[in-house]
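> coordinates for the following, if possible.
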Amino acid sequence: MTENKTKPTSKNVSDYLNDIEDIVTRADCIKINQIMKDITGEEPVMWGESLIGYGKYHYKYSSGREGEWFITGFSPRKQNITIYLNYGFGENKSVMDQLGKYKTGKACLYIKKLDDVNEGVLRDLIKDTWIKVKKNSYV
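Modelled structure (predicted):
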């Protein structure tokens, strides 16, 4: 069975965020960090070199693969800020219509900057993910 390559590290989250070159992205990520800390009540942890995660849960796929991952988190990328909403977006269609300017992957929300989205809606999505993953996992 293959093991996750991305794991929690001891790298300092504040140092990582303060080293972001683009000042708008840096400010947005510092704010997203605070939003996620407020919602989850958890301290952020670096996962690998560039992912910032909150909480942890155990998953097991029908294939037998299992491991641990963060419940929610984000990562500043060159093209956008990726926000990991591990419960996905299927049940949140009406909420997504109110979010603003974004793109999505299966469980990733991609935004260029925080000003492009409705912060209240973003908070609701993060909170919804936190609650649902905690409820439905082996935390």
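> could you use CA atoms for every contact and neighbour count after this?
Will do.
> the strands in this structure, which residues?
All strands of the chain, identified by DSSP state E, fall at 45-47, 51-54, 57-60, 66-69, 72-76, 81-85, 103-104, 108-111.
> mean neighbour count and mean pLDDT for those strands - can I get that in JSON lines?
Below are those laid out as JSON lines (neighbours: other CA atoms under 10 Å; pLDDT from 0 to 100):
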{"stretch": "strand 45-47", "mean neighbour count": "22", "mean pLDDT": "98"}
{"stretch": "strand 51-54", "mean neighbour count": "24", "mean pLDDT": "98"}
{"stretch": "strand 57-60", "mean neighbour count": "15", "mean pLDDT": "84"}
{"stretch": "strand 66-69", "mean neighbour count": "16", "mean pLDDT": "88"}
{"stretch": "strand 72-76", "mean neighbour count": "23", "mean pLDDT": "97"}
{"stretch": "strand 81-85", "mean neighbour count": "23", "mean pLDDT": "96"}
{"stretch": "strand 103-104", "mean neighbour count": "13", "mean pLDDT": "94"}
{"stretch": "strand 108-111", "mean neighbour count": "20", "mean pLDDT": "96"}
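> of all those, which one comes closest to residue 38?
strand 51-54 (10.7 Å; CA to CA).
> report how many residues lie close to residue 125.
Look at residue 125: counted by other CA atoms under 10 Å, it has 19 neighbours.
> rewinding a little: kindly reformat the strands of the chain as JSON lines containing distance to residue 19.
As requested, these are arranged in JSON lines below (distance: least, CA to CA, whole Å):
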{"stretch": "strand 45-47", "distance to residue 19": "14"}
{"stretch": "strand 51-54", "distance to residue 19": "14"}
{"stretch": "strand 57-60", "distance to residue 19": "28"}
{"stretch": "strand 66-69", "distance to residue 19": "25"}
{"stretch": "strand 72-76", "distance to residue 19": "11"}
{"stretch": "strand 81-85", "distance to residue 19": "15"}
{"stretch": "strand 103-104", "distance to residue 19": "26"}
{"stretch": "strand 108-111", "distance to residue 19": "20"}
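> state the distance from residue 19 to residue 27.
Separation of residue 19 from residue 27 (CA to CA, to the nearest Å) stands at 11 Å.
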